[in-house]
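Participant: sequence and predicted structure below; questions after.
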Amino acid sequence: VQLVESGGGLVQAGGSLTLSCTASGRTTAVNGMGWFRQVADQARELVATISWSGTSTYYADSAKGRFTISRDNTKNTLTLQMNNLKPEDTAVYYCGAGVRGTTQYLIQEREYDYWGQGTRVTVSP
């Protein structure tokens, strides 16, 4: 499975961005998916995750009320709509996918099997 993110960029605080992740290859094996972010040398942290069906989602506290995760399995795409962005949202954002048995959302980084290359989001004050 290959994952390619797009949509990152520079935005002012209070603005919005939409990140997209397109999966290719053995996409029928993909179950839960999610977005993580990483700042400099810090650990990668969960932003949001979604079940295979799209009916169950989980958000980090920092994302609740501002970000929305969604997926379209017919197009093999995962989306993160980010509103009211803050400077502390500045990071490289990664799309991840799990291919093991569960179809639920995946909270732990170790539950993911594939990662994209990342897309940078910079939020200016």
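Facilitator: Perfect, I can see it now. The structure presented is a predicted model; accordingly, all values stated were derived computationally and were not measured.

Participant: switch to C-alpha atoms for all contacts and neighbour counts from now on
Facilitator: Fine.

Participant: the strands in the protein, which residues?
Facilitator: 2-6, 9-12, 17-24, 33-38, 45-50, 57-59, 67-72, 77-82, 91-97, 114-115, 119-124 (DSSP state E).

Participant: show the average pLDDT along the shortest one.
Facilitator: Along strand 114-115, the predicted local confidence has a mean pLDDT of 98.

Participant: before we move on, what about the first one?
Facilitator: Model confidence over strand 2-6, given as mean pLDDT, is 98.

Participant: off-centre distance for that strand?
Facilitator: 10 Å (Cα atoms, centre = their mean, to the nearest Å).

Participant: got a list of contacts for it?
Facilitator: Under the criterion Cα atoms under 8 Å, 6 or more residues apart in numbering, residues 19-25, 94-96, 114-119 lie in contact with strand 2-6.

Participant: okay, and the beta partners of V121?
Facilitator: G9, A91 (DSSP bridges).

Participant: what about it, how many neighbours?
Facilitator: 21 (other Cα atoms under 10 Å).

Participant: repeat that for P125.
Facilitator: 11.

Participant: contacts only, for the residue positioned nearest the centre of the chain.
Facilitator: With distances taken as Cα atoms, centre = their mean, W35 lies nearest the centre of the chain, 1.9 Å away. Neighbour list for W35: 46-49, 80, 93-96 [criterion: Cα under 8 Å, 6+ apart].

Participant: ok, for it, nearest residue in space, not its chain neighbours?
Facilitator: Once flanking residues are discounted, W35 sits nearest to C95: 4.7 Å by Cα to Cα, 6 or more residues apart in numbering.

Participant: so what pLDDT did that neighbour get?
Facilitator: 98.

Participant: want to throw the contacts of W35 into JSON lines with distance to Q12 and neighbour count?
Facilitator: Shown next, in JSON lines, are the contacts of W35 (distance: Cα to Cα, whole Å; neighbours: other Cα atoms under 10 Å):
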{"residue": "L46", "distance to Q12": "23", "neighbour count": "23"}
{"residue": "V47", "distance to Q12": "20", "neighbour count": "25"}
{"residue": "A48", "distance to Q12": "22", "neighbour count": "27"}
{"residue": "T49", "distance to Q12": "25", "neighbour count": "30"}
{"residue": "L80", "distance to Q12": "18", "neighbour count": "23"}
{"residue": "Y93", "distance to Q12": "17", "neighbour count": "27"}
{"residue": "Y94", "distance to Q12": "21", "neighbour count": "26"}
{"residue": "C95", "distance to Q12": "23", "neighbour count": "30"}
{"residue": "G96", "distance to Q12": "26", "neighbour count": "29"}
